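Participant: need a 3D model of the sequence below.
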Amino acid sequence: MLHGPIWDKILQFALPVAAIAILGQLFNAADIAVILFFGRPLIFIFNCDPQVVEVGCV
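Facilitator: Numbering: from 1, shown residues only. Below you'll find the predicted structure:
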């Protein structure tokens, strides 16, 4: 790790970090998609105003 060209070692470190960041963004996008898919019916069940969604509105 202390000898040889540094660019190989930088890539070995940076590529997994970048891949983890991309996977994290994909998981966040999936969470938002699930909330939008299942959250809309809850607005109508609890008779909330869809423009202003508050927690626990009845």
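Participant: pLDDT below threshold where in the protein?
Facilitator: Along the chain, segments meeting pLDDT under 70 span 1, 39-58.
Participant: what ranges does it have for its helices?
Facilitator: Remark: helices assigned in the chain by DSSP state H are 6-45.
Participant: got the CA coordinates for stretch 4-21 in CSV?
Facilitator: Only the C-alpha atoms of stretch 4-21 are listed here, as CSV (Å, rounded to 0.1, in the frame of the first residue of the first chain):
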residue,chain,number,x,y,z
GLY,A,4,4.0,1.9,-6.3
PRO,A,5,1.6,4.2,-8.2
ILE,A,6,-1.0,6.0,-6.1
TRP,A,7,-3.7,6.1,-8.7
ASP,A,8,-4.5,2.4,-8.5
LYS,A,9,-4.9,2.7,-4.8
ILE,A,10,-7.1,5.8,-5.1
LEU,A,11,-9.4,3.9,-7.5
GLN,A,12,-9.5,0.8,-5.2
PHE,A,13,-10.7,3.1,-2.4
ALA,A,14,-13.0,5.5,-4.4
LEU,A,15,-14.9,3.1,-6.6
PRO,A,16,-16.5,1.1,-3.7
VAL,A,17,-17.3,4.4,-1.9
ALA,A,18,-19.0,5.8,-5.0
ALA,A,19,-20.9,2.5,-5.6
ILE,A,20,-22.2,2.6,-2.0
ALA,A,21,-23.3,6.2,-2.5
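Participant: what about A19, distance to H3?
Facilitator: As defined by Cβ to Cβ, to the nearest Å, A19 lies at a distance of 26 Å from H3. (C-beta placed from N, C-alpha, C; glycine too.)
Participant: out of these two, which sits in the busier spot?
Facilitator: Remark: of A19 and H3, A19 carries more neighbours, 10 against 4, as counted by other Cβ atoms under 10 Å.
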